[in-house]
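Colleague: structure of the sequence below:
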Amino acid sequence: MSERGRKSNGNGANSAPGSGIAGARGYRARGRPFTARQLLLIKDIVKRYFPEGRTRISFRVCSALRWRQRNGAPKDMACREVLRRLDAAGLLDLPPAKWGGAVWCHTTRKSSANVVTDSIMDLDFHAVEVHRICSKSDPKAALWNSLVTEHHYLHSSRLVGRHLKYLYFWGDRPIACFGWGDAAWSVACREKWIGWTQRQIAQRRHLIVSNGRFLILPWVHVPNLASHLIARCTAALVRDWEEVYGYRPVLLETFVDISRFSGTCYRAANWSAVGNTSGYAKTGGTHHNSQLPKLLLMYPTARDFRKLLRGCKK
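Modeller: Numbers count the residues shown, from 1 in each chain. Sure, this is the predicted structure:
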């Protein structure tokens, strides 16, 4: 029901003309500059550990470059996106992905189709249980990916950067999926609503977390369930994000495709409509007007969220 305001699919390599692995000007991706020496180091790691696969290579690159999150964990997902961009730009050769797009789609759709076949028309909200997914090694991660890939209108389970996923169950039946991740890179109506300067955006964007995926599964038809789960997951997300990433978000956002949805369930859960996006998406270093405008809704998790986002003293 919602979508991140920016897209970064790894296909838009952001490099200056003439910059390559040995180029004097280096390379820039995800807002991080990479020197020519660092690029040579990355290329050497990929070559030496090619048989170990992309995940192990990513962890080795994070270790070599000391690329870590605030809680000390490697920036694995960001690193893998950079590796994919370098590969797409012809600057290195990655080993083949273990889960190819077509194969993954086929296997996940087959597995999720057998989860449940009869419709759920009524359930006790108190009987709904949640499973938090913060690692792809979690046994429920593949189920979440398959359900979102098959049933979400975007048909994509990918969340870039820091993220948490939630899978809600009624008994042994999955009924809903949530995905949360890093905030949209730039949204004019959001920045105006907060009163942000460009410097404040760069310093405190991480304090906003985006609800990038929300899905009530098609066999579930229960009045008020969506708003109930949004409110419940919002409260859990604030606690869990601090536990996993070491800081507490002060503002949550989501983007609703107004050609498909009205955002009523978010409003019922006390989210506020801030404005419409312009329809621009960011791929690499390029912005292009390739999307329909979306409605931005926001939910503060602290009363003084504007002061915190601006870096003002309480």
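
Colleague: what is whichever helix in the chain runs longest packed up against?
Modeller: For the chain, the helix with the greatest residue count under DSSP state H is helix 225-245. Here helix 225-245 touches strand 128-133, strand 163-170, strand 173-182, strand 208-216, helix 264-268, going by 3 or more C-beta pairs under 8 Å, 6 or more residues apart in numbering; DSSP states H and E. Where you see a C-beta, it was placed from the backbone N, CA and C, and this is true even at glycine.

Colleague: okay, now the unreliable bits of the stretch 151-300 of the chain?
Modeller: 279-291 (pLDDT under 70).

Colleague: residue 122 contacts residue 222, doesn't it?
Modeller: Yes - counting by C-beta atoms under 8 Å, residue 222 is a contact partner of residue 122 at 6.4 Å.

Colleague: and the most centrally placed residue in the chain, how close does it get to residue 173?
Modeller: Residue closest to the average C-alpha location in the chain (C-alpha atoms, centre = their mean): residue 159, at 3.0 Å. Look at residue 159 and residue 173: by C-beta to C-beta, to the nearest Å, they are 24 Å apart.

Colleague: check residue 312 too.
Modeller: To residue 173, residue 312 is 47 Å away according to C-beta to C-beta.

Colleague: mind checking which of the two has more residues around it?
Modeller: Using other C-beta atoms under 10 Å, the more surrounded residue of residue 312 and residue 173 is residue 173, with 15 against 10.

Colleague: for the residue nearest to the centre of the chain, what are its contacts?
Modeller: By C-beta atoms under 8 Å, 6 or more residues apart in numbering, residue 159 lies in contact with 4, 77, 165, 179-181, 212-213.

Colleague: quick check: domain ranges of this protein?
Modeller: Domain segmentation of the chain under automatic domain parsing yields 11-98, 103-310.

Colleague: picking up where we left off before, which residue is the nearest non-sequential neighbour of the residue nearest to the centre of the chain?
Modeller: residue 181 (4.2 Å; C-beta to C-beta, 6 or more residues apart in numbering).

Colleague: count of residues packed around that neighbour?
Modeller: Counted with other C-beta under 10 Å, residue 181 comes out at 20.

Colleague: contacting residues for it?
Modeller: Each residue near residue 181 by C-beta under 8 Å, 6+ apart is listed here: 4, 159-164, 209-210, 212.

Colleague: could I get the residues you listed as a markdown table with distance to residue 190?
Modeller: Output for the contacts of residue 181, formatted as a markdown table (distance: C-beta to C-beta, whole Å):
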| residue | distance to residue 190 |
| --- | --- |
| 4 | 13 |
| 159 | 19 |
| 160 | 18 |
| 161 | 17 |
| 162 | 18 |
| 163 | 19 |
| 164 | 21 |
| 209 | 13 |
| 210 | 10 |
| 212 | 15 |
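
Colleague: quick check: the farthest pair among those residues?
Modeller: Maximum pairwise distance among the contacts of residue 181 (C-beta to C-beta): 14.1 Å, between 4 and 164.

Colleague: understood, closing this out.
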